[in-house]
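*Asks:* starting from these lines, generate the structure:
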Amino acid sequence: MVVSVLKEGSTGPEVIDLQFILKFRDGKNEFDPGVTDGSFGSKTKAAVVKFQQSRKLTADGIVGGKTWEALRPRSDWPKQPGEFLREGEKGEVVKQLQEGLKSDDVYTGAIDGIFGSNTKAAVIKTQKSGEIDSNTVGVVGPLTWGGIIGD
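*Replies:* As a prediction, the model looks like this:
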């Protein structure tokens, strides 16, 4: 998997997760990116810059490996910060996802390490349950991980 690099103009479920993480970071709403709409605009960039400055990172408003690592909510998650799982991926981390979904009683398929349509449907069901502030299109980022296996 490749770390998602996000910057002004980026869009999609990765940006939604970034916006939620920034908004609720440390419970202080100190890095407010504005509306969590999946569009990396000037407010999101300003929040990223402020976060980067607070962590003594290069304050360029670009979310790459070092910024994702600093944003990482928990160090024991089986994925690297900034890596997102989606349909079509395979491997041990997908097995861990499937095991977490099964233990939450939202996945009834095989633990086969293949992120197929059944796994995606279970992820979407979890994301839409209202318990996780995340994207709801079946892309697994840090917030979905927290809700599925981070407890």
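
*Asks:* can you give the domain ranges for the protein?
*Replies:* Per the record, the chain has its domains at 13-71, 92-148, by automatic domain parsing.

*Asks:* show me how far the last one is from its chain's centre.
*Replies:* In terms of Cα atoms, centre = their mean, to the nearest Å, the centre of domain 92-148 is found 12 Å from the chain centre.

*Asks:* what helices or strands is the helix-or-strand element of the chain with minimal mean pLDDT leaning on?
*Replies:* One helix or strand of the chain scores below all others by mean pLDDT, DSSP states H and E: helix 142-148, with a mean of 79. When contacts are defined as 3 or more Cβ pairs under 8 Å, 6 or more residues apart in numbering; DSSP states H and E, helix 142-148 sits against helix 13-24, helix 92-103, helix 117-127. (Each C-beta comes from the backbone N, C-alpha and C, glycine too.)

*Asks:* specify the residue positioned farthest from the middle of this structure.
*Replies:* What lies farthest from the middle of the chain is residue 110; by Cα atoms, centre = their mean that is 24.0 Å.

*Asks:* next, that one: secondary structure please.
*Replies:* Judged by DSSP: H, G, I helix; E, B strand; the rest coil, the three-state class of residue 110 is coil.

*Asks:* out of the domains of the chain, the one nearest residue 82 is which?
*Replies:* domain 13-71 (3.2 Å; Cβ to Cβ).

*Asks:* quick one on the thing from earlier: how about the domains of the chain in JSON lines, adding distance to residue 4?
*Replies:* Converted to JSON lines, those look like this (distance: least, Cβ to Cβ, whole Å):
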{"stretch": "domain 13-71", "distance to residue 4": "5"}
{"stretch": "domain 92-148", "distance to residue 4": "8"}
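
*Asks:* in this structure residue 123 contacts residue 98, no?
*Replies:* No - using Cβ atoms under 8 Å, residue 123 is not in contact with residue 98, being 9.8 Å away.

*Asks:* these two: who's more crowded?
*Replies:* residue 123 (30 against 24; other Cβ atoms under 10 Å).

*Asks:* wait, which of the helices and strands packed on helix 142-148 is closest to residue 3?
*Replies:* helix 13-24 (10.1 Å).
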